[in-house]
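Colleague: Return atomic coordinates for the entry below.
(chains A and B)
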Amino acid sequence: MGRYIARRLLAMIPLLLGISFIVFSLLNILPGDPVSIMLSSNPHITPDAETIAQLRAQYGLDKPLMTQYMIFLRNLFKGDLGTSVYTQQPVVTAIAERMPATIQLALAALIISTAIAIPLGVISAVRHYSWVDHLCLVGSLIGISMPSFWLGLLLMLVFSLKLRWLPLSGMGYFYNGLGDVLRHLVMPATTLGFGMAALLARVTRSSMLEVLGQDFIRTARAKGLHEKMVVYRHALRNAFIPILTVSGMQFGYLLGGSVIIETIFSWPGIGRLAVNAIMNRDLAVVQGTVLVFTLLFILINLVVDILYAAIDPRIQYD
Amino acid sequence: MVKLQAAEAIPAKDSSESRAGRAWKQFRRNRLAVLGLGLITMLWGVTLLADYIAPYDPYQMDLLNPLLPVGSPGHPLGTDNFGRDVLSRIIWGGRASLSVGIVVVGISASLGLVLGVISGYYGGWIDLILMRITDLFFAFPFFILAIGVIAALGPGLRNVMLVLGLVTWPEYARMVRAKTLALREEPFVEAARAAGAGDLRIMFFHILPNCIGPVIVMATLGMANAILSASGLSFLGMGVQPPAPEWGSMLNEARVYMRTAPHLVIIPGLVIMLAVMGLNFLGDGLRDALDPKMSTNRR
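Modeller: Numbers count the residues shown, from 1 in each chain, chains lettered A, B, ... in the order given. Next comes the predicted model:
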């Protein structure tokens, strides 16, 4: 197990290098001169050739490309992602400040979507081709097709503007009590988790159907086990691997979705930081957020891979 | 010469009539898929005929009649904050949203098909490099990479299409590569080679046609995703720029007026959902009909 984890971590090195190169090229290789982009964000400055040259030197853009990349890598290792041209704050600090909000939102969305999807998927598998199953299928197809930003706005319309039950936007804080946190969290987390729930329900269903058809389930029933026990203890446990895989892959969509959701609900997380940075042409912050989101995504998928072994002792990695 | 034609004719004939007929029968039995096909045909039709159907010019402002509700005389879906007719903007906006679907899938499928078949057919270091590149793309959360590149290239419909296409091709490449690896060993490929067909001919006339089923399924679902992502980008202000009509950016502009004119939020979102849902229903039905092995919902 330990050796497997070590090997996986080693295999990640070329991947991380590739990722760092792509993130680097966002700022430095793609067409569009970063300095003139930065200057264009401030209409009060009319950039003359001298200012541009000075800025290019300041950001090291006058050096050869490979040297620039090496400097970028060296700074990455030191945990230096550059400085925001807009706020003059180090990018790492800006991201670290907003990280807890994004994690809170993502975890809540994950909990909500699992809580909806797994029971629904199990029920549709156990009673497949029944009306419940058909309803779930249509529901999940609608869920996958619904734009998350639209769902978010609809929820705001109903629960904040019409019923006035929930705050329109923003994040709650623990020093105002748990209620404050939850009241602010429920709409964005539901919005974010909904699309994922739709997909997860379908995977749960098909995975459960496959397991329920197997011999050991018949054995469990034959020895007189309660049906609930058969379904939830014997079948669901064995159906979990595809569910986990999809959850891991969906986490990427969750992170992507958080960009939109955080913008709608004025949630002070990394997603909103990224959108604001794009609007302000603050490319260092854009780079930093893309990098952090990607690292989070890779980390989650690594954890999922390792969890396989914990769930399924049949999987041997050495 | 005669021999060569005969050898080539075998796989081609097998995949045409009878298989397509069976697939169509299978497809028609799926009511959701037929509904999806209907939805898509209707939306495309309306969009293509925008010149004749749309009651107003989508840019024409009427500052005396802003934010009219649904069902107002002359404006069945009301007007927006500039008094522009919402129905006309929805109809014209479909052009942007739906063409995103086609262009994105066009870019990603053609890149993915070519690179996938090369990777699977030649193997070796070409395969190794191409597959490591796809790994790299899969390592990024797709939407995050897309907004990163948009940030560097600048907003706009053309950049959105380009970026979404360039970010999604690895899925097609992976699938086509896997299929190619299996097909490469089939007798009909060997027969074609024995008949003197070159690598290019084998790849593009013998192997790729046999991948077409799953590619169509993937392209349909991919189109749905592209429309959803592009409208999301426009919603964030990174796609189609105002005043051009587009469903996602209409939603974005409407946010401010949510309290007084909720229909401005409800209608564009509903239309996006219908377009995406139609494609998802269709793709699902096509999967059952063309590619039973990939099916997830019917066992």
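
Colleague: Not counting its neighbours along the chain, what's nearest A:Ile112?
Modeller: A:Gly193 (3.9 Å; C-beta to C-beta, 6 or more residues apart in numbering or on different chains). C-beta: built from backbone N, CA, C; applies to glycine.

Colleague: A:Gly2 - how many residues pack around it?
Modeller: If you count neighbours by other C-beta atoms under 10 Å in any protein chain shown, A:Gly2 ends up with 8.

Colleague: and the gap between it and A:Gly248?
Modeller: 21 Å (C-beta to C-beta, to the nearest Å).

Colleague: For chain A, what's its nearest residue on the stretch 51-200 of chain B.
Modeller: Across the stretch 51-200 of chain B, no residue is closer to chain A than B:Phe143, which sits at 2.8 Å (C-beta to the nearest C-beta).

Colleague: Looks to me like that residue is in a helix.
Modeller: Yes. Assignment of B:Phe143 by DSSP: H, G, I helix; E, B strand; the rest coil places it within a helix.

Colleague: doesn't B:Asp284 make contact with B:Val34?
Modeller: No. Here B:Val34 lies out of contact with B:Asp284, judged by C-beta atoms under 8 Å, at a distance of 11.5 Å.

Colleague: out of these two, which sits in the busier spot?
Modeller: Just comparing B:Val34 and B:Asp284: by other C-beta under 10 Å the higher neighbour count belongs to B:Asp284, 25 against 15.

Colleague: For that one, give its distance to B:Met175.
Modeller: 17 Å.

Colleague: do A:Leu26 as well
Modeller: Distance, A:Leu26 to B:Met175, by C-beta to C-beta: 28 Å.

Colleague: what's the nearest residue to B:Gly106 if we skip its chain neighbours?
Modeller: In space, and not counting its chain neighbours, B:Gly106 is closest to B:Gly165: 7.2 Å by C-beta to C-beta, 6+ apart.

Colleague: Toward the C-terminus from whichever helix or strand the one you found is part of, list the very next helix or strand.
Modeller: Per DSSP states H and E, B:Gly165 falls inside helix B:157-183. Next helix or strand after helix B:157-183 toward the C-terminus (DSSP H and E): helix B:187-194.

Colleague: and that following helix, what does it pack onto?
Modeller: Using 3 or more C-beta pairs under 8 Å, 6 or more residues apart in numbering or on different chains; DSSP states H and E, the elements in contact with helix B:187-194 are helix B:2-14.

Colleague: export whichever helix or strand comes after the helix it packs on as PDB, just CAs?
Modeller: Downstream of helix B:2-14, the first helix or strand assigned by DSSP H and E is helix B:17-29. The C-alpha coordinates for helix B:17-29 follow below in PDB (Å, rounded to 0.1, in the frame of the first residue of the first chain):
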ATOM      1  CA  GLU B  17     -28.200  -0.800 -44.400                       C
ATOM      2  CA  SER B  18     -29.200  -3.600 -42.000                       C
ATOM      3  CA  ARG B  19     -27.300  -2.200 -39.000                       C
ATOM      4  CA  ALA B  20     -28.700   1.300 -39.600                       C
ATOM      5  CA  GLY B  21     -32.200  -0.100 -40.000                       C
ATOM      6  CA  ARG B  22     -32.000  -2.000 -36.700                       C
ATOM      7  CA  ALA B  23     -30.600   1.100 -35.000                       C
ATOM      8  CA  TRP B  24     -33.400   3.200 -36.200                       C
ATOM      9  CA  LYS B  25     -36.000   0.700 -34.900                       C
ATOM     10  CA  GLN B  26     -34.300   0.600 -31.600                       C
ATOM     11  CA  PHE B  27     -34.100   4.400 -31.500                       C
ATOM     12  CA  ARG B  28     -37.800   4.900 -32.300                       C
ATOM     13  CA  ARG B  29     -38.800   2.700 -29.300                       C
END
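
Colleague: who does helix B:17-29 touch, helix- and strand-wise?
Modeller: Counting by 3+ C-beta pairs under 8 Å, 6+ apart, helix B:17-29 packs on helix B:31-48, helix B:263-290.

Colleague: So what angle separates the directions of the shortest one and helix B:17-29?
Modeller: Taking axes from the mean of the first three to the mean of the last three C-alpha atoms, to 10 degrees, one finds that helix B:31-48 is oriented at 90 degrees with respect to helix B:17-29.

Colleague: after helix B:31-48, next one along is what?
Modeller: Next in sequence after helix B:31-48, counting helices and strands by DSSP H and E, comes helix B:50-53.

Colleague: Report the mean per-residue pLDDT for the following helix or strand past that following helix.
Modeller: Remark: after helix B:50-53, the chain's next helix or strand is helix B:86-122, criterion DSSP H and E. The pLDDT scores in helix B:86-122 average 91.
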